[in-house]
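> Starting from these lines, generate the structure:
(chains A and B)
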2 protein chains.
Amino acid sequence: MKKKVNAAILIIGNEILSGRTQDKNIAFLCNWLNTKCGITVREVRIIPDVQKTIVDNILLLSKKFNYVFTTGGIGPTHDDITAQSISKAFKVKYEYHPEAYEILERYYGKKKFNDGRKKMAKMPRGAKLIYNPSSAAPGFITKNVLSLPGVPSILNSMIENCKRFLLKGLKIHSKTINLFTVESNISKQLGLIQKKNKKFVDIGSYPFFRLGKIGVAIVTRSTSLNKLKQVNKDLLNLAVLNKIKILKI
Amino acid sequence: MKKKVNAAILIIGNEILSGRTQDKNIAFLCNWLNTKCGITVREVRIIPDVQKTIVDNILLLSKKFNYVFTTGGIGPTHDDITAQSISKAFKVKYEYHPEAYEILERYYGKKKFNDGRKKMAKMPRGAKLIYNPSSAAPGFITKNVLSLPGVPSILNSMIENCKRFLLKGLKIHSKTINLFTVESNISKQLGLIQKKNKKFVDIGSYPFFRLGKIGVAIVTRSTSLNKLKQVNKDLLNLAVLNKIKILKI
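Modelled structure (predicted):
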């Protein structure tokens, strides 16, 4: 029987913390894990390129969650220290991965396979490769930690190659009802519906502005399709009773 | 004398973790703190709307960093539990803030000031208000924790009102040099320059694609403008010696 599977994401990169770069990997990974794998992301952390910080977070998150996805820090420069840090965290050797070395040597050609490029073949001993169809340098999985690059287009191209390493979780169903009202007009009744269904359905409420009007998106999520349908019936009743128009999209 | 001031950001919201919503507050806050306040963001966490998780993170982060910025969870619905959770974390009463109550009652009018809206005036005892010029409901600061809403346009409109609560840190200077090369061609020399200046300057390297060509943005950051200039001289020398073209923008 399938069960709930969860994950954390660890974004490693000074460029995100300085505000220089807008992260795009979090939303992509959360959405992919959620919809394609039935895996719930329970926590995201963004941390600097500092070895001790990476080591501490890898140890903590890999214990707490089924999977940890890291992004960033697996390139050829001095600030790319993810592989070293994971080796240190799990007390395994940081060394050339024979297949990764071969892939990169073939990709660049023997003459152009310099030290920087060779560095991308160094990984924690025992790591398995996550193949990279767009720029060769592979990601890798060490225990339950999957390490991917920070450049979104490259990460996206590799994501399907992560699937074989992941346990598939229970599918999380989701439905959104868009109501033309404001949150405070329905917050009380909404709270009661959530209370009644606390165990099985999560209800979120998010204001929106569309077609020149203000509205609220009510998002329901559950592993049980039946419970979800029941809650959505209650939500439609709430709208009818309060004469609230529903946005059909 | 000014000193280094740091902060953490705590994003509270299931909608970000599910991948439904692309976060925009992290980059905005990081950039604003960095450039306008000389405050370095050292860590970001994204967590679900779960009271225990919020309480644990507030306690940990508020001890570890000079400031904590929370976003999300201060609206009128059942899933808005930031204020309760902060009250619980700091063991203070969760109650109506008289001025916030007054502001909201004036904004909505006595007749339309319903329970949902009243909820937005409830805060940890002793909190000070962060005024909201766009939709009235104020944010608040409790000890060193500043709580802001999750809707980016509203958060942005309030940000200047945070300034009076913040200690100004040392300005962090930053310079970017864009080189038409690939990382692995310069990684060795770049590593040496970083090693030589380890204590005072952070050097990051980020691939880019522009004008149909591949390049690397070398970003240097330091509180010392002199050290920054010295390192950038070294970087320009590195480019000249290796016959690498520089992108002028």
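
> got the contact list for A:Leu170?
A:Lys2, A:Lys3, A:Lys4, A:Val5, A:Gly38, A:Thr223 (Cβ atoms under 8 Å, 6 or more residues apart in numbering or on different chains). Just so you know, the C-beta spots here come from the backbone N, C-alpha and C atoms, and that holds for glycine as well.

> I'd say A:Val68 and A:Leu61 touch.
Yes - under the criterion of Cβ atoms under 8 Å, A:Val68 makes contact with A:Leu61 at 4.7 Å.

> Who has more neighbours out of those two?
Of the pair A:Val68 and A:Leu61, A:Val68 is the one with more neighbours under other Cβ atoms under 10 Å in any protein chain shown, namely 26 against 22.

> which ones are touching that one?
A:Ala7, A:Ala8, A:Ile9, A:Leu10, A:Ile58, A:Leu61, A:Ser62, A:Asn144, A:Val145, A:Leu146.

> Of the residues you listed, select the buried ones using a PyMOL command.
The buried residues among the contacts of A:Val68 can be selected in PyMOL (16 or more other Cβ atoms under 10 Å in any protein chain shown) with this line:
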select buried, chain A and resi 7+8+9+10+58+61+62+144+145+146
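
> For A:Asp23, give its distance to A:Glu183.
As judged by Cβ to Cβ, to the nearest Å, A:Asp23 and A:Glu183 stand 27 Å apart.

> now do A:Tyr108
55 Å.

> The two: which is more packed in?
The residue with more neighbours, out of A:Tyr108 and A:Glu183, is A:Glu183; 23 against 17, by other Cβ under 10 Å.

> Surely that one is in contact with A:Val216?
Yes - with contact defined as Cβ under 8 Å, A:Glu183 reaches A:Val216; the gap is 5.3 Å.

> what residues do these two have in common as contacts?
A:Ser205, A:Pro207.

> returning to what we had before: just curious, which of the contacts of A:Val68 is nearest to chain B?
A:Ile9 (8.3 Å; Cβ to the nearest Cβ).

> ok but that closest one is inside a helix, no?
No - secondary structure of A:Ile9 (DSSP: H, G, I helix; E, B strand; the rest coil): strand, not part of a helix.

> Please give me every residue in contact with it.
By Cβ under 8 Å, 6+ apart, the neighbours of A:Ile9 are A:Asn25, A:Ile26, A:Leu29, A:Cys30, A:Val41, A:Glu43, A:Val44, A:Arg45, A:Val68, A:Phe69, A:Thr70, A:Thr71.

> excluding its backbone neighbours, what's nearest the first one?
Taking Cβ to Cβ, 6 or more residues apart in numbering or on different chains, and ignoring the residues beside it in sequence, A:Asn25 has A:Thr71 as its nearest neighbour in space, at 4.8 Å.

> any weak-confidence spans in chain A?
Within chain A, the stretches with pLDDT under 70 are A:1-2, A:249.

> where along it do the strands fall?
With DSSP state E applied, chain A shows strands at A:5-12, A:39-47, A:67-71, A:94-96, A:122-124, A:128-132, A:136-142, A:145-148, A:173-179, A:202-210, A:213-222, A:246-247, listed in chain order.

> Count the neighbours of A:Glu105 for me.
Neighbourhood size, A:Glu105 [other Cβ under 10 Å]: 16.

> ok, so what distance separates the nearest residue to it once chain neighbours are set aside from A:Met158?
Nearest residue to A:Glu105, sequence neighbours excluded (Cβ to Cβ, 6+ apart): A:Phe113, at 4.9 Å. To A:Met158, A:Phe113 is 21 Å away according to Cβ to Cβ.

> Those two: which has the busier surroundings?
A:Met158 (20 against 17).

> Pretty sure A:Ala136 is one of the things that one touches, is it not?
No - with contacts defined as Cβ under 8 Å, A:Met158 does not count as touching A:Ala136, sitting 10.9 Å away.

> quick one, helices of chain A?
A:14-17, A:25-37, A:51-64, A:82-89, A:98-108, A:115-119, A:152-158, A:183-196, A:225-241 (DSSP state H).

> related to what we said a few turns ago, what's the closest of the contacts of A:Ile9 to A:Ile86?
Nearest to A:Ile86, judged by Cβ to Cβ, of those is A:Thr70 at 7.6 Å.

> Specify the beta-bridge partners of the closest one.
Listed beta-bridge partners, A:Thr70: A:Leu10, A:Ser147 (assigned using DSSP bridges).

> could you list every residue that touches it?
Contacts for A:Thr70 (Cβ under 8 Å, 6+ apart) come out as A:Ile9, A:Leu10, A:Ile11, A:Ile12, A:Ile58, A:Thr82, A:Ile86, A:Val145, A:Leu146, A:Ser147, A:Leu148.

> try A:His97
A:Ala121, A:Lys122, A:Met123, A:Ala127, A:Leu129, A:Phe140.

> Give me the buried entries from those.
Using 16+ other Cβ under 10 Å as the burial test, those include A:Ala121, A:Lys122, A:Met123, A:Ala127, A:Phe140 as buried.

> ok, for the last one, nearest residue in space, not its chain neighbours?
To tie it back to what came earlier, the one meant is A:Phe140. Of all residues not flanking A:Phe140 in the chain, A:Ala127 sits nearest, at 4.0 Å (Cβ to Cβ, 6+ apart).

> Check whether that neighbour really touches A:Gly139, as I assumed.
No - using Cβ under 8 Å, A:Ala127 makes no contact with A:Gly139, being 9.3 Å away.

> tell me, what's touching A:Val68 and A:Leu61 both at once?
Taking Cβ under 8 Å, 6+ apart as the criterion, A:Val68 and A:Leu61 both touch A:Ala8, A:Leu10.

> Distance of A:Arg210 relative to chain B?
A:Arg210 sits 14 Å away from chain B, taking Cβ to the nearest Cβ, to the nearest Å as the criterion.

> beta partners for that residue?
A:Arg210 has these beta-bridge partners by DSSP bridges: A:Lys213.

> Quick one: residues contacting the residue nearest to A:Phe140.
Contacts of A:Ala127 (Cβ under 8 Å, 6+ apart): A:His97, A:Phe140, A:Ile141, A:Thr142.

> what about A:Asp234, how many neighbours?
Neighbour number of A:Asp234 under other Cβ under 10 Å is 18.

> Wait, it touches A:Lys195, no?
No - taking contacts as Cβ under 8 Å, A:Asp234 lies outside contact range of A:Lys195: 11.7 Å.

> list residues touching both of these two?
What both A:Asp234 and A:Lys195 touch, as defined by Cβ under 8 Å, 6+ apart, is an empty set.

> hmm, back to that, go through the buried ones among the contacts of A:His97 and say which is closest to chain B.
For the buried ones among the contacts of A:His97, the minimum distance to chain B (Cβ to the nearest Cβ) is 11.7 Å, reached by A:Ala121.

> Distance-wise, check the closest residue to A:Ala136 other than its chain neighbours relative to chain B.
Spatial nearest neighbour of A:Ala136, chain neighbours left out: A:Tyr107 (3.9 Å); criterion: Cβ to Cβ, 6+ apart. Relative to chain B, A:Tyr107 is positioned 11 Å away (Cβ to the nearest Cβ).

> okay, now A:Tyr107: neighbour count?
A:Tyr107: 14 neighbours (other Cβ under 10 Å).

> quick revisit: filter the contacts of A:Leu170 to the buried ones?
Among the contacts of A:Leu170, the ones that count as buried by 16+ other Cβ under 10 Å are A:Val5, A:Gly38, A:Thr223.

> just these now: which is nearest chain B?
When the buried ones among the contacts of A:Leu170 are compared for distance to chain B (Cβ to the nearest Cβ), A:Gly38 wins out at 12.4 Å.

> Contact partners for the closest one?
A:Lys2, A:Val5, A:Lys168, A:Gly169, A:Leu170, A:Lys171, A:Ile172.

> List just the nearest of the residues you listed to chain B.
Nearest to chain B, judged by Cβ to the nearest Cβ, of the contacts of A:Gly38 is A:Ile172 at 8.2 Å.
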